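Chemist: when you get a sec, could you give me coordinates for this:
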Amino acid sequence: MSQSNIKLTSSEIASLWTSYMNNCMSKLVLTHMLQHVKDREIFNAIRFSFQFAQKQENRFIKIFQKDDFAIPHGFTKTDVNTNAPALFTETFCLAYINQMAKAGLLAYGGFLAMSTREDLIAFYHHGLHNTSKLYHLTNSILEKKGLLIRSPHTSIPKKIDYIDSKKYLSGFSLFHKKRPLNAVEVSHLFMNTQTNNLGVKITLAFAQTTTNKDVRAYMLRGKDISQKHLKLFMDALVDEGIQSPNSSDIGVTDSKVRTFSDKLMMFHISLLSASGVGNYALAGGASQRSDLLLNYERLSMEIAQYAKDGADLMIENSWLEQPPPTIQI
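Modeler: I've put the predicted structure just below:
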């Protein structure tokens, strides 16, 4: 059968819809950032990301039209106020697209793995390649400016060893100290400090620029959750004598001018929440100390409830676009 005649699978439909929505949202955030960034290197990185998002949107539409796929509403120019003053500092904009590139690498890799049609494999492979270029570019600029935050150093193994006691898995004991964190556990704790640090700043920025009291309350609640989780992860590292490095740039200006629509802001936070649940699930599965696993499970439930309340708020205001349904018989 010709590839052009192969129908989209449910996985491919879901991947296309999800990635299109994410791409639409990202393009508008980048549109606003481009209006205010003066640093030439940071501007060029944001422009690269914006142009890539723009080209991806055109590629999406061609696929949708070929497969008679209803193009999602997504987000339009009405969802961003390009005349609003800067909402984020320039270095935060750089760190933001670096973090979004990391998330994009995972997303494109997942979408690629769920695709079987040759045109979609090529599409997501192209996306993965360009997202990798963006990650490398932003890393290089962060390092050049002395802003690259590296994961904490741990000792390099000099020999192979095996776990010889079930106590290795225990994080709770009245009779002996918890074993030290291993490198895998440190890496996930560090990663989750970085994502929650981003969450604190994004929710604060959204809270101070919305005129909707319910959205503002929701964003401030998200800021409190991110701050609590950030402290928990940093304390876990500090207790082991590991100082988790953090950026001194607060990232948010004092602008209170409406910058993004409530619909876009709520969608953005839902995306971060879903990413957070995924990060915690991955970290919990990789962590062998029981106290860490229980913490990740508990915190995942808190984020899931926060995301559910956000979805309820979006539904109440007709902001939540429905994913493609299955055929009802």
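Chemist: the closest residue to residue 67 other than its chain neighbours: neighbour count?
Modeler: Nearest residue to residue 67, sequence neighbours excluded (Cβ to Cβ, 6 or more residues apart in numbering): residue 8, at 5.7 Å. For the C-beta atoms, the positions are set from N, CA and C on the backbone; glycine is no exception. By other Cβ atoms under 10 Å, the residues close to residue 8 number 19.
Chemist: ok, now residue 261?
Modeler: A count of neighbours around residue 261, defined by other Cβ under 10 Å, yields 19.
Chemist: list the residues that contact it.
Modeler: By Cβ atoms under 8 Å, 6 or more residues apart in numbering, residue 261 lies in contact with 75, 78, 79, 80.
Chemist: next, work out how far apart the second one and residue 40 are.
Modeler: Separation of residue 78 from residue 40 (Cβ to Cβ, to the nearest Å): 30 Å.
Chemist: so where's the stretch 1-150 of the chain uncertain?
Modeler: Residues of the stretch 1-150 of the chain meeting the criterion pLDDT under 70: 1-4.
Chemist: what do you get if the cut-off is 80, keeping everything else the same?
Modeler: Applying pLDDT under 80 to the stretch 1-150 of the chain flags the ranges 1-5.
Chemist: and what of the stretch 201-329 of the chain?
Modeler: Scanning the stretch 201-329 of the chain for pLDDT under 80 picks out the ranges 243-250, 326-329.
Chemist: now the helices for it?
Modeler: 213-238, 262-286, 290-316 (DSSP state H, counting those that start in this stretch).
Chemist: which one of the ones you listed lies nearest to residue 98?
Modeler: helix 262-286 (14.5 Å; Cβ to Cβ).
Chemist: name the helices or strands packed onto that closest one?
Modeler: The contact analysis (3 or more Cβ pairs under 8 Å, 6 or more residues apart in numbering; DSSP states H and E) places helix 262-286 against helix 10-34, helix 183-209, helix 213-238, helix 290-316.
Chemist: how big is the angle separating the helix or strand just after the first one from helix 10-34?
Modeler: If you walk from helix 10-34 toward the C-terminus, the next helix or strand you reach (DSSP states H and E) is helix 40-66. With axes from the mean of the first three to the mean of the last three Cα atoms, to 10 degrees as the basis, helix 40-66 and helix 10-34 are set at 150 degrees to each other.
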